[in-house]
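Trainee: After the sequence you'll find the predicted model.
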Amino acid sequence: MDSVSQAALGAAVGVMVMGRHRPVWQAAIGGAIVGTLPDLDVFLDKGDAINDMVLHRAETHAFFWQLLASLPIAWLLTLTTRSSGLFKRWWLMTLLVLFTHSMLDGLTIYGTRLLLPFSDQPFGLGSLFIIDPMYTLPLLLGLLFTAIARGETRRHWNAGGLALSTLYAGWAVGAQAHVTEQVMASTEATGLDSSQVLVTATPFNTLAWRIVLLHENSYLEGFYSVFDPLVAPGRPIRFTRHPRGAELDAATGDFSKANQIRKFSKGFYSLSDDGRFTSITDLRMGQHPYYAFSFRFAEHTSPLRDIEPQRVAQRVPLGPGLEWLGKRIQGEDLSPPR
């Protein structure tokens, strides 16, 4: 999730754990700082553009390494707040903030390596978009009212905000499961297994969902709103077919950089060639033809040779994209902006 969401979650957990043992402002600031620490790995140079992508959300997001790091972080918090008798409580707060950071990231589609060093498997459920105001606002409002309220029950506002954001995340998982069930019942998904079907939240909401059906030589992309059955009962999901460039797989099968994306995307990738460069695109983040992570990794010489990866991502035009998304959420079956 975005840094604001993670800081807000960390602050809310900090206030909840520290309770009346420390001032609200101190617990909130401490939690917010700890909540941003795992994402500081984005400032580390990992060697090239593809490494920067696939090695993000790695060790700093893994439960094992967070457990080890929580002890010195808690000691620093205890030292700086001059609360030597509260080390165990600061440690519990630190551990919960780090763990919830990673679990929240695991609800997005990107891919979070929660189990390093025991497993390199990236987890990415795709129930939440990386920025979702409906998740973040309850946390911020709960913290705000806790800060300005007075009396013994002031921290109830924070608990309420944390509960609402958690319920929203639960709704997102349930809505995704419902949409997946509708997709698997469609004609286009016949013969596909779950590893070939991707259902992810569209930007800033959990009402409209993007669907990708993966075939050997192509992929189908469609969109579904939870209001579709109300607006147009029985209307099938409309899919558009796009090429995957599968004919380029054989020629690029030994290119290590392309293989990193193949593995990290769990097979949801496409290849393209413009006559000079060969590119690979992670199909999970974005929508056709606008994808957040697309990389040139090979150049036409004699023979085809690998090059320093170059990111060539394109973003959906903001105005047309938001206008389309708003109408699609309401159940209008419109083609996305091209």
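Mentor: Cool, got the structure. Numbering: from 1, shown residues only.
Trainee: what's the neighbour count on G19?
Mentor: 12 (other C-beta atoms under 10 Å). For glycine as for every other residue, the C-beta is placed from the backbone atoms N, C-alpha and C.
Trainee: Of all residues in the protein, which one is nearest the centre?
Mentor: T108 (2.7 Å; C-alpha atoms, centre = their mean).
Trainee: Isn't it up against I130?
Mentor: Yes: between T108 and I130 a contact is recorded at 5.2 Å, counting by C-beta atoms under 8 Å.
Trainee: any common contacting residues for the two?
Mentor: By C-beta atoms under 8 Å, 6 or more residues apart in numbering, T108 and I130 have these common neighbours: M1.
Trainee: H242: what's it in contact with?
Mentor: S218, Y219, L220, E221, S270, H288.
Trainee: what about it, which SS state?
Mentor: strand (DSSP: H, G, I helix; E, B strand; the rest coil).
Trainee: From V316, how far out is it?
Mentor: Relative to V316, H242 is positioned 15 Å away (C-beta to C-beta, to the nearest Å).
Trainee: can you check P236 too?
Mentor: 25 Å.
Trainee: which of those two has more neighbours?
Mentor: More neighbours surround V316 than the other of P236 and V316, with 20 against 13 (other C-beta under 10 Å).
Trainee: excluding its backbone neighbours, what's nearest the more buried one?
Mentor: Spatially, and ignoring its direct neighbours in sequence, V316 is nearest to Y290 (4.4 Å; C-beta to C-beta, 6 or more residues apart in numbering).
Trainee: Just the helices from this protein, written as ranges.
Mentor: 3-18, 24-36, 49-54, 63-80, 87-106, 133-148, 155-184, 228-231, 249-252, 256-264, 318-329 (DSSP state H).
Trainee: rank the ones you listed by mean pLDDT and give me the bottom one.
Mentor: Of all those, helix 249-252 carries the lowest average pLDDT, namely a mean of 92.
Trainee: ok now that one, how far from the chain's centre?
Mentor: Averaged C-alpha coordinates place helix 249-252 at 29 Å from its chain's average position (C-alpha atoms, centre = their mean, to the nearest Å).
Trainee: That one - contacts with which helices or strands?
Mentor: If you count contacts as 3 or more C-beta pairs under 8 Å, 6 or more residues apart in numbering; DSSP states H and E, helix 249-252 packs onto strand 277-282.
Trainee: one step back: ok, the residue nearest to V316 to L325 distance?
Mentor: In terms of C-beta to C-beta, Y290 sits 13 Å off from L325.
Trainee: Equivalent analysis for V173, please.
Mentor: Taken as C-beta to C-beta, the span from V173 to L325 is 21 Å.
Trainee: When these two are compared, which one has more neighbours?
Mentor: Using other C-beta under 10 Å as the criterion, V173 and L325 rank with L325 on top: 22 against 15.
Trainee: Hmm, L207 and that one touching each other?
Mentor: No: shown here, L325 and L207 do not form a contact pair, counting by C-beta under 8 Å, at 9.6 Å.
Trainee: Dig out what the residue nearest to R244 when sequence neighbours are not counted forms beta bridges with.
Mentor: Among residues not flanking R244 along the chain, S270 sits closest, at 4.5 Å (C-beta to C-beta, 6+ apart). With DSSP bridges as the criterion, S270 is bridged to T281.
Trainee: and S270, what is it in contact with?
Mentor: Counting by C-beta under 8 Å, 6+ apart, S270 has contacts Y219, H242, P243, R244, G245, I280, T281, L283.
Trainee: and if we set it to 10 Å?
Mentor: 214, 218-219, 242-246, 248, 279-283, 288, 291, 294 (C-beta atoms under 10 Å, 6 or more residues apart in numbering).
Trainee: Got the phi and psi for the residue nearest to the centre of the chain?
Mentor: Per-residue torsions, T108: phi -90, psi 170 (degrees, to the nearest 10).
Trainee: Could you check the pLDDT of it?
Mentor: For T108, pLDDT reads 98.
Trainee: try E152
Mentor: Reading off the model, E152 has pLDDT 83.
Trainee: try V316
Mentor: 89.
Trainee: Now it: phi and psi?
Mentor: Torsion angles, degrees, to the nearest 10, at V316: phi -60, psi 130.
Trainee: my guess is it contacts M285, does it?
Mentor: No: V316 is beyond contact range of M285, at 11.4 Å (criterion: C-beta atoms under 10 Å).
Trainee: Confirm for me that F64 is in contact with L98.
Mentor: No: taking contacts as C-beta under 10 Å, F64 lies outside contact range of L98: 11.2 Å.
Trainee: before we move on, the earlier item: and the contacts of H242 as JSON lines, adding pLDDT?
Mentor: As requested, the contacts of H242 are exported to JSON lines (pLDDT from 0 to 100):
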{"residue": "S218", "pLDDT": "96"}
{"residue": "Y219", "pLDDT": "97"}
{"residue": "L220", "pLDDT": "98"}
{"residue": "E221", "pLDDT": "98"}
{"residue": "S270", "pLDDT": "97"}
{"residue": "H288", "pLDDT": "95"}
